[in-house]
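*Asks:* got a structure for you, letters missing:
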């Protein structure tokens, strides 16, 4: 569980971006590469402590592996039946 405010903000940005990318047609391999790049940038910039980056990585991959996070947000409308 993340408890540090900057780490939580990074988690929210990262997961929001993952869902947005999923809805635009990117798939798991692309999302994993995005996560890897994001985390590498955090490690390189020393924006947060290394152990917090590790926790962020664990939580983000847990989020990615949960299929309920990437279901369609809105159900597809049912086609209307014509009565002609």
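*Replies:* Yep, it's here. As the structure is a prediction and not an experimental result, all values here were calculated from the model.
*Asks:* pLDDT below threshold where in this protein?
*Replies:* 72-84 (pLDDT under 70).
*Asks:* In it, which residue is most central in space?
*Replies:* residue 15 (2.7 Å; C-alpha atoms, centre = their mean).
*Asks:* how far away is it from residue 54?
*Replies:* Applying C-beta to C-beta, to the nearest Å, the value for residue 15 to residue 54 is 17 Å. (Each C-beta comes from the backbone N, C-alpha and C, glycine too.)
*Asks:* got it, and residue 44?
*Replies:* In terms of C-beta to C-beta, residue 44 sits 15 Å off from residue 54.
*Asks:* Same question for residue 37.
*Replies:* For residue 37, the distance to residue 54 (C-beta to C-beta) stands at 16 Å.
*Asks:* Which of residue 44 and residue 54 has more residues huddled nearby?
*Replies:* residue 54 (12 against 8; other C-beta atoms under 10 Å).
*Asks:* Give me the contacts around stretch 26-43.
*Replies:* 10, 14, 17-18, 21-22, 48, 50, 53, 56-57, 60-61, 64 (C-beta atoms under 8 Å, 6 or more residues apart in numbering).
*Asks:* same question, stretch 2-13
*Replies:* Counting by C-beta under 8 Å, 6+ apart, 38, 42, 47-48, 52, 55-56, 59-60 sit against stretch 2-13.
*Asks:* between those residues, which has the most around it?
*Replies:* residue 56 (23 neighbours).
*Asks:* Which residues are in contact with that one?
*Replies:* Contacts of residue 56 by C-beta under 8 Å, 6+ apart are 2, 7, 10-11, 14, 39, 42, 48.
*Asks:* Need the three-state assignment for it.
*Replies:* helix (DSSP: H, G, I helix; E, B strand; the rest coil).
*Asks:* list the contacts for residue 64?
*Replies:* Per C-beta under 8 Å, 6+ apart, neighbours of residue 64: 18, 28, 31-32, 35.
*Asks:* Closest to residue 71 out of the residues you listed?
*Replies:* Among the contacts of residue 64, residue 18 lies closest to residue 71 (C-beta to C-beta), at 13.3 Å.
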